[in-house]
Structures are given as C-alpha cells and as structure tokens.
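J.: need a structure here:
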Amino acid sequence: MASPKVTYQKVSIKYGILVGIAHIAFFLLMWALGLTDIVELSFISGIFLVIGICVAISNFKRAKNGLIEYFQGLAIGATVGAVSSALLALFLMLFLSIADQEYLSTLQASSLFPESLSRLVLFVLTIVYGTVPGLWVAFIAMQWFKRPEHTMAD
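T.: Numbers count the residues shown, from 1 in each chain. Below you'll find the predicted structure:
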C-alpha cells in the first residue's frame, strides 16, 4: 500500500536541500583550492543536480509502490532545482558579503555572465540556472521512471 504521507513536495524539498548543501560544499572546496576564478568548473556541480533528481524521483516512486504521475516527476525536478539553487544563491550572497567581495568581479570577467552583473542579477540567475535544468533533467529522467518496471536499485 502506498504511503499517504509521502508527497512529491516533501521529497523535492528534502533532496533540494541535500543538493544545495552539495553545491555549497563543492563551491567551498573550489574556493579552498583557489579555483573559483575558473568559473566553468562550477558547472560540474550540475552532476549533483542530476543525481539528486534521479534519486528523489526513484524514492518517491518506491514510496508510492511504483506509481508516479508524469507531472509529479517534472515537479520534483523543478522543485529540487529551485530549492537547491535558492540555497546556493543565498550562500553566494553571504559569501560575497563576508568572505570574498572580489568574486563578483571574477564572474563579470567571465564570458558566461554579463559585465554589468550585480548581486541581485547573480541571485536571480543562480536560481534560474538551477530550476530550468532541474525541469529538463526531470523530463529526461521521467522517460525512464514513467514505466512501471523501472526504478533505481535499493
């Protein structure tokens, strides 16, 4: 019998927080190694988003005894992306205020961001750069998980 207390919102928020923590830990590792000036390396943390979304969808499907609606899977991906990137965006605002105020100029010098990049724009772009890919990852993952026989191993 499916657990009525398990909702895609609860699963999404849980995994969004975990992925957000992984993003922050990866950023801090890059900072400790002096690699924050190589902005392209930060996109490696997208792997955490892919893993987090797939595990969240799989766990939700398992908790619902193999039943998952397609749009629930898409919502899980978008929510995991939004929550994790919102945590990262909040962290980046703190980081810019406390630890490294010059990081914003590093981003402005990168071809990936506009020269007029402000803190507000960075905050919004960070959330968008997590939410939209989260939706796409879920769309791709649901091609696998929508079938009753497919799930990830325990």
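
J.: count of neighbours near Ile21?
T.: By the criterion of other Cβ atoms under 10 Å, Ile21 has 15 neighbours. (Each C-beta comes from the backbone N, C-alpha and C, glycine too.)

J.: my bad, should have said Ile17
T.: 16.

J.: check contacts around Gly16.
T.: Listed by Cβ atoms under 8 Å, 6 or more residues apart in numbering, the contact partners of Gly16 are Gly52, Thr79, Val80, Gly81, Ala82, Val83, Ser84, Leu87.

J.: pLDDT below threshold where in this protein?
T.: Across the chain, the ranges flagged by pLDDT under 70 are 1-4, 110-113, 148-154.

J.: where along it do the helices fall?
T.: 8-32, 46-63, 70-98, 103-109, 119-145 (DSSP state H).

J.: which positions in the first one come out as buried?
T.: Neighbour-count burial for helix 8-32, counted by 16 or more other Cβ atoms under 10 Å, picks out 8, 11-13, 15-20, 22-24, 26-27, 30.

J.: how far does stretch 128-148 sit from its chain's centre?
T.: In terms of Cα atoms, centre = their mean, to the nearest Å, the centre of stretch 128-148 is found 12 Å from the chain centre.

J.: what lies in contact with it?
T.: Contacts of stretch 128-148 (Cβ under 8 Å, 6+ apart): 46, 49-50, 53-54, 57-58, 61, 66, 68, 70, 73-82, 84-86, 88, 150-151.

J.: if we can go back for a sec, could I get the helices of the chain as CSV with distance to Ile38?
T.: Output for those, formatted as CSV (distance: least, Cβ to Cβ, whole Å):
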stretch, distance to Ile38
helix 8-32, 8
helix 46-63, 15
helix 70-98, 16
helix 103-109, 9
helix 119-145, 17
